[in-house]
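S.K.: Sharing a model prediction with you, sequence too.
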Amino acid sequence: QVQLVESGGGLVQPGGSLRLSCTTSRSIIGIRRMGWYRQAPGKLRELVAAATRDGSTNYGDSVKGRFAISTDNALNTVFLQMNTLKPEDTAVYYCNGVMWSGNEYWGQGTQVTVSE
């Protein structure tokens, strides 16, 4: 079992920035893929960004050029830097981890609200 704990959500004005953090209960080096997803009211959960152990990253089309995913192995933490935030980025953001075994884990989610 792996626990993922997110932090860093909140209220921000359009054009602002936030950084989300997700800390894992085990070494992040042993996790094949770490990612961030989001779900807005009435919408399906969608991929925001993901990073795999081979160093590759991928992003949802709506956040390319604005968001960046990174990992800190020493802290067992994955970050999501979100810049130039828009109202449509408002959602609950979830951390996701996929193990080499294929097991998948989710955090509890953190609310991001972009509004004046």
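M.R.: The structure has been received and is ready for your questions. Numbers count the residues shown, from 1 in each chain.
S.K.: which residues in this protein form helices?
M.R.: With DSSP state H, there are no helices along the chain.
S.K.: Can you tell me which residue sits nearest the middle of it?
M.R.: W36 (2.7 Å; Cα atoms, centre = their mean).
S.K.: Now do the contacts for the nearest residue to it once chain neighbours are set aside.
M.R.: Once flanking residues are discounted, W36 sits nearest to V48: 4.3 Å by Cβ to Cβ, 6 or more residues apart in numbering. All C-beta spots, glycine's among them, are computed from the backbone N, C-alpha and C. Contacts for V48 (Cβ atoms under 8 Å, 6 or more residues apart in numbering) come out as 35-38, 59-60, 63, 67, 80, 93.
S.K.: measure V48 to L4 for me?
M.R.: Distance of V48 to L4, given as Cβ to Cβ, to the nearest Å: 15 Å.
S.K.: for R19, same thing?
M.R.: 16 Å.
S.K.: How about Y59?
M.R.: 20 Å.
S.K.: And for V63?
M.R.: 20 Å.
S.K.: Neighbour count for those two, which is higher?
M.R.: Neighbours per residue, other Cβ atoms under 10 Å: of V63 and L4, the larger number sits with V63, 23 against 19.
S.K.: so the more buried one makes contact with A49?
M.R.: Yes - with contacts counted by Cβ atoms under 8 Å, V63 reaches A49, the gap being 6.8 Å.
S.K.: can you list the weak-confidence ranges in this protein?
M.R.: Judged by pLDDT under 70, the chain has no weakly predicted residues.
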